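Trainee: Build me a model:
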Amino acid sequence: MRCFNCLPMFLALFAALACSLVPSQAAAEDRLPNVVIIFIDDMGYADIGPFGAVGIDTPNLDRMAEKGRKFTDFYVTQAVCSASRAGLLTGCYNVRVGIMGALGPKSNIGLNPDETTIAEICKQKGYATACYGKWHLGHHKKFLPLQHGFDDYFGLPYSNDMWPYHPGVLKLSMEQRLKKWPHLPLIDKNEVVNAQVTGKDQEQLTTQYTEKAVQFIEKNKDNPFFLYVPHSMVHVPLYVSEKFKGKSERGLFGDVVMEIDWSVGQILDALKKNDIEDNTLVIFTADNGPWLSYGDHAGSAAPLREGKGTMFDGGCREPTIMYWPGKIPAGTVCKTPAMTIDILPTVASLIGAELPQHKIDGKNIWPLIAGEKGAKSPHEAYYFYYGNQLQAVRQGPFKMHFPHGYRTMAGKPGGTGGIPTNYTNTKIEASLFNLSTDIGETTDIKDKNPQVFKRLEALGNAMKKELGDGRLKGTGNRPPGKL
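Mentor: Residues are numbered from 1 along each chain as shown. Model (predicted):
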């Protein structure tokens, strides 16, 4: 016997259920996007599959490129650790914020608390924020991530070679070594949890950073978050867990890259598992090119010129992939120049946050990231300092070098087994290159293109007035934080 009186009740129940679902669906659509930045240390342009790596399997980065967008001309502000990180996190050329080179355990400066980081931009909108990895913007408490907008931090305060086992001090007694390089600390939040990191400890760093990142995603799957994962690897000394020892055709270096790729896969899988993959922008890039003097423990910048420590493209042009299903067109390539300084203003625009009150150098490049038809660079040019010297300017396909000295392997092989060989110091005169036809910066064309050269030279001279050049002080420089 049918219950005809049940039908109105069923319809009312169905309508109530439908109404209860609408707000949650709308909330999901209105939810602010998550942002994940994976920042590798000393990775060369040709060290991953999507950029031509040989003998190293990177299936997760291959997947990220197949479903995302490769950036072939993506730069950092300066080809050295701390300077590069300052540019990424503040949206400024690092010379503007006073962070040069690589800060060490004896440094008494760090990122100024008056600067605004991406994490602080995200905190405006109630984001959960975390940093797991190498910080390298000041190791004293006042400079650590928790004082710069991050809710959580776990990692090394500076490079993993800044310890008493550095190749440069191995012949000394431990007492003498410690005068040059103290023991390497591991920090959790603001506290040192391991005062003497060992090689065995370093083998677990990539795994630990990854596990922390996945746990953070799990914890915040229902809230918007910003996750920054600046890996200690592939900076020397190289260490890898048992999971990847002996797995690649490229020896220890390849094994380490494969573990980085595994880490990327774990993060992407966590996003998918928690059904937030379609609401998360993931950016994979690096802080500078390969440390070529380390030979078989360094990567490759091919086909670019030189590597870390120079502002030729091999030092500052990084393998970069951006991934956001449904928002970033799959399997596409962006050849328009862009830089890490552009990430902060792009994120701010995406989440509706206010930009810092002080001047920044980056600009919103979302049209380039989204592959919008006709999208162009919002910059007139990009400027390349090394230390406080302006060395190069790029506009479109053209890159102009001011006269400057630089280090080079000059065709010699690098070292083996983690022991470096010596560089040769040389100099380049004023030069102009067309990177669209000469990616290796080999053929000077300034005499054939005098107007282009003069235009880029004038742009560079104007920037020197603002950000300085050598002994010339700029009008727009700001001091770093000091103890």
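Trainee: Tell me the helices and strands packed up against the helix or strand hosting Val36.
Mentor: Here Val36, judged by DSSP states H and E, is contained in strand 34-40. Helices and strands in packing contact with strand 34-40 are listed as helix 81-90, helix 118-123, strand 225-230, helix 251-273, strand 280-286, helix 343-351; criterion 3 or more C-beta pairs under 8 Å, 6 or more residues apart in numbering; DSSP states H and E. C-beta coordinates here come from the backbone N, C-alpha and C atoms, glycine included.
Trainee: number of nearby residues for Ala430?
Mentor: The burial metric for Ala430, expressed as a neighbour count using other C-beta atoms under 10 Å, is 13.
Trainee: Thr442 now?
Mentor: For Thr442, the neighbour count with other C-beta under 10 Å is 9.
Trainee: Could you list which residues are in contact with the spatially closest residue to it that is not a sequence neighbour?
Mentor: Counting by C-beta to C-beta, 6 or more residues apart in numbering, the nearest residue to Thr442 once its immediate chain neighbours are dropped is Arg305, at 7.2 Å. Arg305 sits next to 312-314, 440-442 when contact means C-beta atoms under 8 Å, 6 or more residues apart in numbering.
Trainee: any idea how far Lys212 is from Thr280?
Mentor: 17 Å (C-beta to C-beta, to the nearest Å).
Trainee: Compare those two and say which is more crowded by neighbours.
Mentor: When Thr280 and Lys212 are compared on other C-beta under 10 Å, the one with more neighbours turns out to be Thr280, at 24 against 21.
Trainee: what residue ranges in the protein are flagged as low confidence?
Mentor: Along the chain, the model assigns pLDDT under 70 to residues 1-29.
Trainee: hmm, 90 instead?
Mentor: Scanning the chain with the threshold set as pLDDT under 90 gives 1-31.
Trainee: quick one, domains of it?
Mentor: Domain assignment for the chain by automatic domain parsing gives 31-377, 384-482.
Trainee: Contacts for the strand holding Val36, please.
Mentor: Applying C-beta under 8 Å, 6+ apart, the external contacts of strand 34-40 come out as 85, 88, 118, 122, 133, 224-231, 233-234, 260, 263-264, 267, 271, 276, 279-287, 343, 347, 350.
Trainee: Out of the domains of the chain, which one sits most buried?
Mentor: With neighbours defined by mean count of other C-beta atoms under 10 Å, none of these is more surrounded on average than domain 31-377, at a mean of 21.
Trainee: chain center to it, what's the gap?
Mentor: Averaged C-alpha coordinates place domain 31-377 at 4 Å from its chain's average position (C-alpha atoms, centre = their mean, to the nearest Å).
Trainee: ok, now stretch 452-465?
Mentor: Centre-to-centre, stretch 452-465 and its host chain are 27 Å apart (C-alpha atoms, centre = their mean).
Trainee: which residues are in contact with that stretch?
Mentor: Against stretch 452-465 from outside (C-beta under 8 Å, 6+ apart): 380-381, 383, 390, 393, 395, 398, 400, 402, 430, 432, 446, 472, 474-475.
Trainee: Now for these: which two are most distant?
Mentor: Lys446 and Thr475 (28.5 Å; C-beta to C-beta).
Trainee: where's Pro427, which helix or strand?
Mentor: Rather than Pro, residue 427 is Lys. If you go by DSSP H and E, Lys427 is part of strand 424-428.
Trainee: distance of Asp275 from Pro113?
Mentor: For Asp275, the distance to Pro113 (C-beta to C-beta) stands at 37 Å.
Trainee: and if you look at Asp188?
Mentor: The spacing between Asp188 and Pro113, counted by C-beta to C-beta, is 21 Å.
Trainee: Also Phe244?
Mentor: Phe244 sits 39 Å away from Pro113, taking C-beta to C-beta as the criterion.
Trainee: hey, where'd the helices end up in the stretch 251-400 of the chain?
Mentor: Under the criterion DSSP state H, counting those that start in this stretch, the stretch 251-400 of the chain contains helices at 251-273, 313-316, 343-351, 366-369.
Trainee: would CSV of the ones you listed with distance to Asn94 be doable?
Mentor: Formatted as CSV, these follow (distance: least, C-beta to C-beta, whole Å):
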stretch, distance to Asn94
helix 251-273, 24
helix 313-316, 11
helix 343-351, 13
helix 366-369, 22
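Trainee: For Thr424, which of those is the nearest?
Mentor: Proximity of the helices of the stretch 251-400 of the chain to Thr424 was assessed by C-beta to C-beta; the nearest stretch is helix 313-316, lying at 15.4 Å.
Trainee: could you say what helices and strands the closest one packs with?
Mentor: For helix 313-316, there are no packing partners by 3+ C-beta pairs under 8 Å, 6+ apart, so no helix or strand.
Trainee: Just want the angle from the strand holding Val36 to strand 280-286.
Mentor: 10 degrees (axes from the mean of the first three to the mean of the last three C-alpha atoms, to 10 degrees).
Trainee: Name the residues that touch the next helix-or-strand element following strand 34-40?
Mentor: Sequence order places helix 59-66 as the next helix or strand after strand 34-40, per DSSP H and E. Taking contacts as C-beta under 8 Å, 6+ apart, the residues outside helix 59-66 that touch it are 48-50, 261-262, 264-265, 268, 282, 284, 321, 323, 330-331.
Trainee: possible to save these as JSON lines with distance to Leu467?
Mentor: Converted to JSON lines, the contacts of helix 59-66 look like this (distance: C-beta to C-beta, whole Å):
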{"residue": "Ile48", "distance to Leu467": "32"}
{"residue": "Gly49", "distance to Leu467": "37"}
{"residue": "Pro50", "distance to Leu467": "33"}
{"residue": "Asp261", "distance to Leu467": "37"}
{"residue": "Trp262", "distance to Leu467": "40"}
{"residue": "Val264", "distance to Leu467": "34"}
{"residue": "Gly265", "distance to Leu467": "39"}
{"residue": "Leu268", "distance to Leu467": "37"}
{"residue": "Val282", "distance to Leu467": "31"}
{"residue": "Phe284", "distance to Leu467": "28"}
{"residue": "Ile321", "distance to Leu467": "30"}
{"residue": "Tyr323", "distance to Leu467": "33"}
{"residue": "Ala330", "distance to Leu467": "38"}
{"residue": "Gly331", "distance to Leu467": "38"}
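Trainee: Show me which of those residues is closest to Ala195.
Mentor: Using C-beta to C-beta, Trp262 is the member of the contacts of helix 59-66 that sits closest to Ala195, with 28.7 Å.
Trainee: Now do the closest one against Gly299, distance only.
Mentor: Distance of Trp262 to Gly299, computed by C-beta to C-beta: 17 Å.
Trainee: what do you get for Tyr45?
Mentor: 8 Å.
Trainee: what residues do the two have in common as contacts?
Mentor: The overlap between the contact sets of Tyr45 and Gly299 (C-beta under 8 Å, 6+ apart) consists of Gly289.
Trainee: Phi first, then psi, for Pro145.
Mentor: Comment: the main-chain dihedrals of Pro145 come out as phi -50, psi -40, following degrees, to the nearest 10.
Trainee: and it, what does it touch?
Mentor: When the contact criterion is C-beta under 8 Å, 6+ apart, the partners of Pro145 are 119, 131, 135, 153.
Trainee: Who are the contact partners of the last one?
Mentor: Just to be clear, that refers to Tyr153. By C-beta under 8 Å, 6+ apart, the contact set of Tyr153 is 130-132, 135, 144-146, 187-190.
Trainee: what do you get for the second one?
Mentor: The neighbourhood of Cys131, defined by C-beta under 8 Å, 6+ apart, consists of 119, 145, 150, 152-155, 228-230.
Trainee: and what of the third one?
Mentor: The contact partners of Trp135, taken as C-beta under 8 Å, 6+ apart, are 85, 144-145, 153, 155-158, 187, 230.
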